[in-house]
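Asks: Sequence and computational prediction follow.
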Amino acid sequence: MLKIANYITKAAFRAPTALSLTFGGRTFTWRETEDRCWGVAGALHGLGIGPGDRVAFLGLNSHRYFECYFAPSRIGAILVGINFRLSVGEMIECIEDCGAKILIADEEHVDQARDIAAACARVETLIYAGDGPLPVGMVSYEQMLAAENSHIDFDALASGDDDPLTIFYTGGTTGKPKGVVLSHNNHFANAMGTIPQYNFFPGETHVLSGPLFHAAPGSRVFTATILQCHTVIIAKFDVAELMEAIAAYQANVVQFVPTMMSMMLDHPNFADYDFSSLRMLTYGSSPMPVALLNRTLKAIPSVQFCQAYGMTEASPVLTILDKDAHAPDTLDPRRLTSIGQPVNHVDVRVFSEDGQPAAPGEIGEIVARGPNIMSGYWGQPELTQQAIRDGWYYTGDGGYFDEEGFLFLAGRVKDMIISGGENVYPIETENVLSQHPAVKDCAVIGIPDDLWGETVHAVVTLKDGQAATPEDIIAFCRDHLAHYKCPRGATIRSEPMPLTGVNKIDKRALRAPFWDGGLA
């Protein structure tokens, strides 16, 4: 049976004194990380957690978060990463949906954890994963590590193969959060399939700054463990801290979105740091502008690039645009706008509306199948059946293949907005806007932005006799939603909303003026 947690044990056996993790000025070896993972697993078992139970983590990145990618599965439990950028109400929805018995929270999120526990009857224990004084009513993560566990039959309890390993929550087109269930096999397939195409090597140093409640940064936990790499963890993205980590630890690999690279190059102290060790930058969420690519290569001549496309449901990678496509001597600007070619372990196609494979250049819906595709959405069989049909996962993204097998995005079948690497489903924001006392009709669209790729924009009409400004609309949303889901701008229309032939708001017409003839 394939058990992801066994790779911690393998790393500890093969390289016990090699560096595994660095966080907050503390560095651990693989032997120490192995001992800590066993300790957490034993303590969770002592708290009554067993096979199938859910253990939620609410916090910034840390060595403890890394450990919890492995520890719960050793007693058959499932890790649920909670997006700390959500409102408390949205967090409660996620915890209620998965029925977590344990909620682990760091020092930044103690108050939210208490509010969640008060609202969710199934949460039995709050665990404090911080370095400060132990908050009243919580159990200390560090003290748990000392619990005696020699009597526990971990081999009998551990999950593996197609058993759930993690649940990641994404927004839903219905407004309800969707818990994407990923198994041991899913994560292993993604790691083993992407390692050669990312050109990763054993024993390198990686910097992890993306939030671990996302599958993309989370996937690097498994990659690093399988390769016995040293992972330098940053609590959350900060330009200066990232540059300091790269230079101080002579990092070889960093995961980016293009906006992060631009912010780093623009930093006034960029020239003060040594980036000569940096070998590979992997990026996703949006294409790499040619100007930014050339600027980066000039500033860091040693670096190579890989772009990945995918989603949580795919664990998460479907395609990679490899380092050769980014090479300056053979650079094809058009190819750089593609999202690459399918990774070897995944079958990716484009289907036309009749469900048949589309011809090269013909736009259709991107679909995929393979060992990395989720088993489904937690507790939502109907949504699972809509997403996975005849063995194919329907991504909701529109695209086309060229004659050479490179995949290009051509818009979105769904209305999802990607802003700074975060997925925003308009209906969630629209549900809040509809509660504004002055709003009659509303639509949320993505509009182009040089820094974030897209930003969230609201278009509303007002009820007769009511008044509201764009600032009022934005402020109302910020009181009820995670801020990245809130509009950064708003348009108050005096005329009625444009409608489609079936009397739905025509979002394509609303987007068109902003995109100026581009993707609408």
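Replies: Structure received. Since this is a predicted model, take the numbers as computed values, not measurements.
Asks: and residue 66, how many neighbours does it have?
Replies: When neighbours are counted by other C-beta atoms under 10 Å, residue 66 registers 27. Every residue, glycine included, has its C-beta placed from N, CA and C.
Asks: Checking it next. Helix, strand or coil?
Replies: helix (DSSP: H, G, I helix; E, B strand; the rest coil).
Asks: Was I right to think residue 181 contacts residue 163?
Replies: No: Residue 181 lies out of contact with residue 163 (C-beta atoms under 8 Å); the separation is 9.8 Å.
Asks: Quick one: name whatever helix or strand follows the longest helix anywhere in the chain.
Replies: If you go by DSSP state H, the chain has its longest helix at helix 30-46. Using DSSP states H and E, the next helix or strand after helix 30-46 towards the C-terminus is strand 54-58.
Asks: In stretch 6-24, which of the residues would be classed as buried?
Replies: Buried residues in stretch 6-24, counted by 16 or more other C-beta atoms under 10 Å: 6-9, 11-12, 15, 18-23.
Asks: center of this structure, which residue is that?
Replies: Closest to where the C-alpha atoms of the chain average out (C-alpha atoms, centre = their mean) is residue 214, at 2.5 Å.
Asks: Name the nearest residue to that residue, sequence neighbours excluded.
Replies: Leaving out its chain neighbours, the residue that sits closest to residue 214 by C-beta to C-beta, 6 or more residues apart in numbering is residue 168, at 7.1 Å.
Asks: Next up, the contacts around the one you found.
Replies: Contacts for residue 168 (C-beta atoms under 8 Å, 6 or more residues apart in numbering) come out as 81, 179-180, 182, 213-215, 218, 312.
Asks: What about those residues, which are in helices?
Replies: 215, 218.
Asks: Name the nearest of the contacts of residue 168 relative to residue 35.
Replies: For the contacts of residue 168, the minimum distance to residue 35 (C-beta to C-beta) is 22.3 Å, reached by residue 218.
Asks: Distance of the residue lying closest to residue 374 once chain neighbours are set aside relative to residue 185?
Replies: Among residues not flanking residue 374 along the chain, residue 313 sits closest, at 4.6 Å (C-beta to C-beta, 6+ apart). Noted for residue 313: a distance of 14 Å to residue 185, by C-beta to C-beta, to the nearest Å.
Asks: of those two, who's got more company?
Replies: Ranked by neighbour count (other C-beta under 10 Å), residue 313 and residue 185 place residue 313 first, with 29 against 19.
Asks: residues in contact with that one?
Replies: Residue 313 neighbours (C-beta under 8 Å, 6+ apart): 180, 373-374, 387, 393, 395.
Asks: swap the cut-off to 10 Å and go again
Replies: Contacts for residue 313 (C-beta atoms under 10 Å, 6 or more residues apart in numbering) come out as 168, 170, 178, 180-182, 186, 215, 368, 372-377, 384, 387-388, 393-396.
Asks: what do you get for residue 1?
Replies: Shown in contact with residue 1 (C-beta under 10 Å, 6+ apart): 155, 158-163, 184.
Asks: Return the members of the residues you listed classed as buried.
Replies: Those of the contacts of residue 1 that meet the buried threshold are 158-160, 163, 184, by 16+ other C-beta under 10 Å.
Asks: Which ones among those map onto strands?
Replies: Taking DSSP state E, every one of the buried ones among the contacts of residue 1 sits outside strands.
Asks: Just the ones of those in helices?
Replies: Using DSSP H, the buried ones among the contacts of residue 1 in helices are residue 184.
Asks: shaky segments in the protein?
Replies: Within the chain, the ranges that satisfy pLDDT under 70 run 172-175, 285-287, 411-415, 500-503, 516-520.
Asks: any idea how it splits into domains?
Replies: 6-307, 417-515 (automatic domain parsing).
Asks: Ends of the first one, what's the gap?
Replies: Translated: domain 6-307. Distance across domain 6-307, first residue to last, is 29 Å (C-alpha to C-alpha, to the nearest Å).
Asks: same question, stretch 122-139
Replies: Terminal-residue distance, stretch 122-139 (C-alpha to C-alpha): 17 Å.
Asks: Enumerate the positions of that stretch that are buried.
Replies: Using 16+ other C-beta under 10 Å as the test for burial, stretch 122-139 gives 123, 125-130, 135, 138-139.
Asks: Now tabulate those residues in TSV and tack on distance to residue 93 and secondary structure.
Replies: Putting the buried residues of stretch 122-139 into TSV (distance: C-beta to C-beta, whole Å; DSSP: H, G, I helix; E, B strand; the rest coil) gives the following:
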residue	distance to residue 93	secondary structure
123	14	coil
125	20	strand
126	18	strand
127	21	strand
128	23	strand
129	22	coil
130	25	coil
135	24	coil
138	22	coil
139	25	strand
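Asks: now the strands for the stretch 51-200 of the chain?
Replies: In the stretch 51-200 of the chain, the strands defined using DSSP state E, counting those that start in this stretch lie at 54-58, 78-82, 102-105, 125-128, 139-140, 164-170, 178-183.
Asks: Compile those into CSV and extend it with columns for distance to residue 43.
Replies: As requested, the strands of the stretch 51-200 of the chain are exported to CSV (distance: least, C-beta to C-beta, whole Å):
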stretch, distance to residue 43
strand 54-58, 11
strand 78-82, 15
strand 102-105, 10
strand 125-128, 9
strand 139-140, 8
strand 164-170, 19
strand 178-183, 24
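Asks: Need phi/psi at the residue of the chain most remote from its centre.
Replies: No residue in the chain sits farther from the centre than residue 465, which is 43.1 Å out by C-alpha atoms, centre = their mean. According to degrees, to the nearest 10, the main-chain angles of residue 465 amount to phi 80, psi 0.
Asks: Numbering from 21 from now on, please.
Replies: Yes, from this point I'll number from 21; that puts the last item at residue 485.
Asks: beta partners of the residue nearest to residue 234?
Replies: With DSSP bridges applied, residue 188 shows beta-bridge pairing to residue 101, residue 200.
Asks: so how far is residue 182 from it?
Replies: Note on residue 188: its distance to residue 182, by C-beta to C-beta, is 17 Å.
Asks: What of residue 124?
Replies: Note on residue 124: its distance to residue 182, by C-beta to C-beta, is 25 Å.
Asks: again, but for residue 212
Replies: For residue 212, the distance to residue 182 - C-beta to C-beta - is 16 Å.
Asks: Residue 290 too?
Replies: Taken as C-beta to C-beta, the span from residue 290 to residue 182 is 46 Å.
Asks: How about residue 424?
Replies: The gap separating residue 424 from residue 182 is 35 Å, by C-beta to C-beta.
Asks: Check residue 88 too.
Replies: Relative to residue 182, and taking C-beta to C-beta, residue 88 is found at 21 Å.
Asks: Where do the helices of the stretch 321-470 of the chain begin and end?
Replies: Here the stretch 321-470 of the chain has its helices, by DSSP state H, counting those that start in this stretch, at 401-407, 446-453.
Asks: and the ones you listed, which is most packed in?
Replies: The highest mean neighbour count among the helices of the stretch 321-470 of the chain, using mean count of other C-beta atoms under 10 Å, belongs to helix 446-453: a mean of 22.
Asks: what's next to that helix, contact-wise?
Replies: By C-beta under 10 Å, 6+ apart, helix 446-453 touches 107, 110, 191-197, 434-437, 445, 459, 461-466, 476-480, 493, 496-502, 505-507, 510, 525, 527.
Asks: Looking at these, which are in helices?
Replies: Using DSSP H, these in helices are 110, 493, 496-498, 527.
Asks: If any of those are buried, give me the ChimeraX selection for them.
Replies: Applying 16+ other C-beta under 10 Å to the ones in helices among the contacts of helix 446-453, the buried members can be selected in ChimeraX as follows:
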select :110,493,496,497,527
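Asks: what about stretch 204-221, distance to the chain center?
Replies: 16 Å (C-alpha atoms, centre = their mean, to the nearest Å).
Asks: buried ones in it?
Replies: Across stretch 204-221, burial judged by 16+ other C-beta under 10 Å covers 204-215, 217-220.
Asks: quick one: which of these sit in helices?
Replies: In this view, those that belong to helices under DSSP H are 204-215, 217-218.
Asks: No further questions, thank you.
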